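Novice: could you look at this predicted model? Sequence included:
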Number of protein chains: 2
Amino acid sequence: MSVPYPMAGLPRHVTVYEVGPRDGLQNESAIIPVEVKAEFIGRLADAGHKVIETTSFVHPRWVPQLADAEDLLTGLDRRPGIRYPVLVPNERGLDRALAHGVEEIAVFASATETFAAKNLNRGLESQFDMFEPVIARALEHGVKVRAYVSMCFGDPWEGHTPIAQVVAVGERLLGLGCHELSLGDTIGVGTPGHVTALIEAFRDPDRLAVHFHDTYGQALGNTLAALRAGVTTVDASTGGIGGCPYAESATGNLATEDLVWMLRGLGIETGLDLGKLVATSTWLAERLGRPSPSRVVQALSKG
Amino acid sequence: MSVPYPMAGLPRHVTVYEVGPRDGLQNESAIIPVEVKAEFIGRLADAGHKVIETTSFVHPRWVPQLADAEDLLTGLDRRPGIRYPVLVPNERGLDRALAHGVEEIAVFASATETFAAKNLNRGLESQFDMFEPVIARALEHGVKVRAYVSMCFGDPWEGHTPIAQVVAVGERLLGLGCHELSLGDTIGVGTPGHVTALIEAFRDPDRLAVHFHDTYGQALGNTLAALRAGVTTVDASTGGIGGCPYAESATGNLATEDLVWMLRGLGIETGLDLGKLVATSTWLAERLGRPSPSRVVQALSKG
């Protein structure tokens, strides 16, 4: 099964930005002990991951699943050559990240007015009042900043998200000094032509990453379109865990294993060991008390 | 959510070849009464389907789920402008199809030696002894013949299927007068570059259809590659029902709804009403006693 068939116009290497420990666990109902999280992250590193979004410094009241962020970072075996970014919602979160030697943070923006109000308690414009000081201070400390933009294709309240609106938010974040912009299809409604049009509307695809949800089964087709448009960083979650608790039916991060199956078949290097990823998802599923939604994990763990 | 974004190099219209009543029900453990099957097919026609593979004249001992083929065809309201092809494994099956006024049949070939032995009790070469008289006699009676080729990307015993081997089987079937060749990824292992390479190895993409399984989550990405390579007919199964009982872990036909979500987003016409398809899958799932594996059906029937 392992004969690769490259496809014209695709990159030779893709960076898989692993969001399982943060975006995945944040949206699972089970509360996982800190030592299990540390083992999870160690297993991801063993499988070849070079970027693992580790946790979030959001207030524990909002995300009890990640209330152990400080304990996790304190005890974590951070290996050389691996990036461990942490989500930071505000300046207080940044202070905590800096105190724990975090070298890369991520901020979380909205492409729509309604989601900015519901998720950030801000407007499309005023959300920047929150990000600007965080980004500026992070950069002063030599900390790299990734920016997420959520609801880039549609949201449950406003429907279709205009491309110009996403580009306005995204280019502004890049202009503030973020090294990477992750375009999120938080409710999974996008299709490949929409992905191409959105990426082409940005000045520089090199600084873009994509973050797809498999709610309508579109995540891999959309990824293929993004790779053709010049994107080389793809967000994914081990075993497909997680989603977004604020938006109804916004379940299903793209599973890392399903992504790696496609990339391996295309002869695109990721440095990842599929067998170890599947073993990790099978191990994690037992701890979460529910089977992995990844099709690859389901198929390979049957055999 | 309904703003279409066309993509360069894709067709404007795609024919969805619906395999639910045959390939879907054949591989479900529940035995569905004949009047429910007739209602199912009527609902598919109401949703806009123009090609519905209706049943199979395989021996009831092998496929008890379709033992009612003759009763179904006798009572079926075959509407003008809709094609109702029927799978026919051999000359006896053809006799039964002709006796029931069938205007289009499908034959089922294998791209690999081992699957030909296991599924057809023949070899890669000797399977043609079975097809040739069926195809010749069908054409004499003015009946159109579609040919399936299964295991086009890999099989569970031989691993990777060489492209030249698939092309040899496929071109021979086209040469015998089949109007359409459906290339099946029966165990779902293919990836987009492989799809492109296989389709380009054939003389004429106009006569090709694709039949993907979602076992590893690759079906829609593969479909996108096939459309780019010039294919305009895509097999799919309502709600993603069915699979292949002869090959281990060969589950998961591409769900019609997931396909239609992508095609609608790309602005590609199918003539299909997604709401009616989802309603049909929800109705059918109750009769099958298991939820639809389609992501679109799961997402839309939640709301």
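Specialist: That came through, no problem.

Novice: hey, let's count contacts and neighbours off CA atoms from now on
Specialist: Fine.

Novice: can you pull the contacts of the residue of the stretch 201-303 of chain A found nearest chain B?
Specialist: Residue of the stretch 201-303 of chain A nearest chain B, by Cα to the nearest Cα: A:G221 (4.1 Å). Counting by Cα atoms under 8 Å, 6 or more residues apart in numbering or on different chains, A:G221 touches A:T191, A:P192, B:L220, B:G221, B:N222, B:L224.

Novice: 6 Å - rerun?
Specialist: By Cα atoms under 6 Å, 6 or more residues apart in numbering or on different chains, the residues touching A:G221 are B:L220, B:G221.

Novice: ok, and what's touching the helix or strand containing A:L98?
Specialist: Here A:L98, judged by DSSP states H and E, is contained in helix A:91-99. With contact meaning Cα under 6 Å, 6+ apart, helix A:91-99 is reached by A:F57, A:V88, A:V134.

Novice: can you redo those residues as CSV with pLDDT and distance to A:R228?
Specialist: CSV is the format used below for those (pLDDT from 0 to 100; distance: Cα to Cα, whole Å):
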residue, pLDDT, distance to A:R228
A:F57, 96, 34
A:V88, 97, 31
A:V134, 98, 33
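
Novice: near chain B too, which of these?
Specialist: With the criterion set as Cα under 6 Å from any Cα of the partner chain, no member of the contacts of helix A:91-99 is near chain B.

Novice: so which of those residues wins on neighbours?
Specialist: Using other Cα atoms under 10 Å in any protein chain shown as the neighbour criterion, A:V88 leads the contacts of helix A:91-99 with 26 neighbours.

Novice: coming back round to it: buried sites along the helix holding A:L98?
Specialist: A:E91, A:G93, A:L94, A:A97 (16 or more other Cα atoms under 10 Å in any protein chain shown).

Novice: which of the contacts of helix A:91-99 fall within strands?
Specialist: Among those, no member is found in strands (DSSP state E).

Novice: of all the buried residues of helix A:91-99, which two lie farthest apart?
Specialist: Pairwise distances across the buried residues of helix A:91-99 (Cα to Cα) peak at 9.6 Å, for the pair A:E91 and A:A97.

Novice: point out where chain A drops to low pLDDT.
Specialist: A:1, A:243-251, A:302-303 (pLDDT under 70).

Novice: give me every residue in it lying close to chain B.
Specialist: A:1, A:5-7, A:159-160, A:191, A:193-194, A:216-217, A:220-221, A:262, A:265-266, A:295-296.

Novice: so which of the residues you listed belong to helices?
Specialist: A:G193, A:H194, A:L220, A:G221, A:M262, A:G265, A:R295, A:V296 (DSSP state H).

Novice: which of the residues of chain A next to chain B count as buried?
Specialist: A:5-7, A:160, A:191, A:193-194, A:216-217, A:220-221, A:262, A:265-266, A:295-296.

Novice: returning to that earlier point: in a markdown table, list the ones in helices among the residues of chain A next to chain B along with distance to B:A201.
Specialist: Listed next are these as a markdown table, based on distance: Cα to Cα, whole Å:
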| residue | distance to B:A201 |
| --- | --- |
| A:G193 | 26 |
| A:H194 | 30 |
| A:L220 | 25 |
| A:G221 | 23 |
| A:M262 | 21 |
| A:G265 | 18 |
| A:R295 | 29 |
| A:V296 | 28 |
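
Novice: show me the contacts for A:L288.
Specialist: A:A30.

Novice: follow-up on the earlier one: so which of the contacts of helix A:91-99 are in helices?
Specialist: Per DSSP H, the subset of these in helices is A:V134.

Novice: and which of the contacts of helix A:91-99 is nearest B:L173?
Specialist: A:V88 (60.2 Å).

Novice: thought the closest one was touching A:T54?
Specialist: No - using Cα atoms under 6 Å, A:V88 is not in contact with A:T54; the gap is 11.3 Å.

Novice: give the helix, strand or coil label for A:V102.
Specialist: coil (DSSP: H, G, I helix; E, B strand; the rest coil).

Novice: tally of neighbours for it?
Specialist: Neighbours of A:V102 (other Cα under 10 Å): 18.

Novice: can you give me the end-to-end distance of stretch A:118-135?
Specialist: End-to-end distance for stretch A:118-135, by Cα to Cα, to the nearest Å: 22 Å.

Novice: contact partners of it?
Specialist: A:E91, A:E113, A:A116, A:A117.

Novice: next one: stretch A:45-65
Specialist: By Cα under 6 Å, 6+ apart, stretch A:45-65 touches A:17-19, A:21-22, A:26, A:31, A:67, A:69, A:82-89, A:93, A:271-273, A:276.
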